[in-house]
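Chemist: Kindly generate the corresponding structure for this input.
(one chain, ligands or ions: 1)
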Amino acid sequence: MPPIVKVDNLQKTYDGGFVALKGVSLEIEEGEIIALLGPNGAGKTTLISALCGITGPTGGRAEVGGHDIITGYRKAREMIGLVPQEVALEPFEKVINTVKFSRGLFGKKRDDALIERVLRQLSLWDKRNSRIRELSGGMKRRVLIAKALCHEPRVLFLDEPTAGVDVELRRDMWQIVDNLRHDGVTIILTTHYIEEAEAIADRIAVINKGEILLVEDKAALMTRMGRKTLRVDLRDPVVAVPEALADYDLVLSEDGSSLSYHYDTRGEGTGITRLLQALAAEGLSLRDIQTTQSSLEEIFVSMIQEGAT
Ligand SMILES: Nc1ncnc2c1ncn2[C@@H]1O[C@H](COP(=O)(O)OP(=O)(O)OP(=O)(O)O)[C@@H](O)[C@H]1O
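Modeler: A predicted model of the protein is given here:
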């Protein structure tokens, strides 16, 4: 199946000359959830805005559902639901009218059953006759999602869906996203929360300074995250790794006083027991041992720092 979103060398230079997207390429499969992770100013909102036709790219091209975002703008936009970062709702309007009105904007026929389903899915049905200003911040965010869904988009962009919300609502949002996944909606979300990307995304794209640094399957990243390092400090330094320990791919520190062993916590066995026995059999006595884990957060931070140099 062709990707539902195809971004090819997309560029954006703002009027003042600032380059916010430096040739971004990305393909997104139908039904997947992809998280765009990146620090402030990385270009996440610019990318989403370009795909939604809010801001015009200055180079490259992109398609949504096979429609070019510029030459086939209307068709591309019909396929997209956008939940913006900022809450922009009419305070005196009722929830149900806000959502119905949004559907109308897309020229879609009135469909009360669909509106009811969307509002129920977001636990807003009981609040349908409340005015927007009477809702909590979390409820308003749900209304934004309802608005974005009411014209039955196949691709939903969520720009920082849980920024500044409490833990409980964040988990509710994750549940909502999971429900949408079951309906086959493709979801692209931006987030600062690595935990969020871990919880709901199938794939993770890291973006920094207008460039995609990595796009990887979450499971593969998690496997990487599962890597740990065991460092063994020796009582007496050695000049080389003993021949008998060659299978362990040990790394000897420059001063010969410690050995590092990398292992995968998700593997069948870590090999640590055998290694420690082998060290003892070689007559090496240990002064200390410690383990460190490379987390997704560390991977992310080091990538961003590398990008900064
Ligand atoms: N209209 C504009 N004119 C000029 N520069 C802009 C404009 N909009 C955004 N930028 C700049 O482009 C860069 C990328 O901004 P963008 O909002 O896409 O980042 P982001 O990754 O979404 O950041 P955040 O996580 O803070 O929302 C920033 O340096 C920003 O200042």
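
Chemist: Kindly report the residues of this protein close to the ligand.
Modeler: By C-beta under 6 Å from any ligand atom, the residues of the chain that approach the ligand are Tyr14, Gly16, Phe18, Ala20, Gly38, Asn40, Gly41, Ala42, Gly43, Lys44, Thr45, Thr46. For every residue, glycine as well, the C-beta is placed using N, CA and C.

Chemist: one more time with 5 Å
Modeler: Tyr14, Phe18, Ala20, Asn40, Gly41, Ala42, Gly43, Lys44, Thr45, Thr46 (C-beta under 5 Å from any ligand atom).

Chemist: For the spatially most central residue of the chain, list each beta-bridge partner.
Modeler: Centroid check for the chain by C-alpha atoms, centre = their mean gives Ala35 as the closest residue, at 1.9 Å. Here Ala35 sits in beta bridges with Leu189, Ile204, going by DSSP bridges.

Chemist: any idea how far Gln11 is from it?
Modeler: As judged by C-beta to C-beta, to the nearest Å, Ala35 and Gln11 stand 22 Å apart.

Chemist: can I assume Ala50 sits in a strand?
Modeler: No. Counting by DSSP: H, G, I helix; E, B strand; the rest coil, one finds Ala50 to be helix, located in no strand.

Chemist: can you count the residues close to the residue nearest to it when sequence neighbours are not counted?
Modeler: The shortest distance from Ala50 to any non-neighbouring residue, by C-beta to C-beta, 6 or more residues apart in numbering, is to Pro57 (4.7 Å). Counted with other C-beta atoms under 10 Å, the neighbours of Pro57 add up to 24.

Chemist: And for Glu116?
Modeler: Count around Glu116 with other C-beta under 10 Å applied: 13.

Chemist: For it, which three-state class applies?
Modeler: helix.

Chemist: and it, what is it in contact with?
Modeler: Trp125 (C-beta atoms under 8 Å, 6 or more residues apart in numbering).

Chemist: Most widely separated two among the residues of the chain next to the ligand?
Modeler: Tyr14 and Asn40 (15.9 Å; C-beta to C-beta).

Chemist: So for those two, which sits in the more crowded spot?
Modeler: Tyr14 (12 against 6).

Chemist: re earlier: the residue nearest to Ala50 touches Tyr14, doesn't it?
Modeler: No. Counting by C-beta atoms under 8 Å, Pro57 does not reach Tyr14; the two are 11.2 Å apart.

Chemist: Next, the buried residues of whichever helix in the chain runs longest.
Modeler: As assigned by DSSP state H, the longest helix anywhere in the chain is helix 167-182. Neighbour-count burial for helix 167-182, with 16 or more other C-beta atoms under 10 Å as criterion, is recorded at Leu169, Arg170, Asp172, Met173, Trp174, Ile176, Val177, Leu180, Arg181.

Chemist: Same question for stretch 71-84.
Modeler: Ala76, Arg77, Glu78, Met79, Ile80, Gly81, Leu82, Val83, Pro84.
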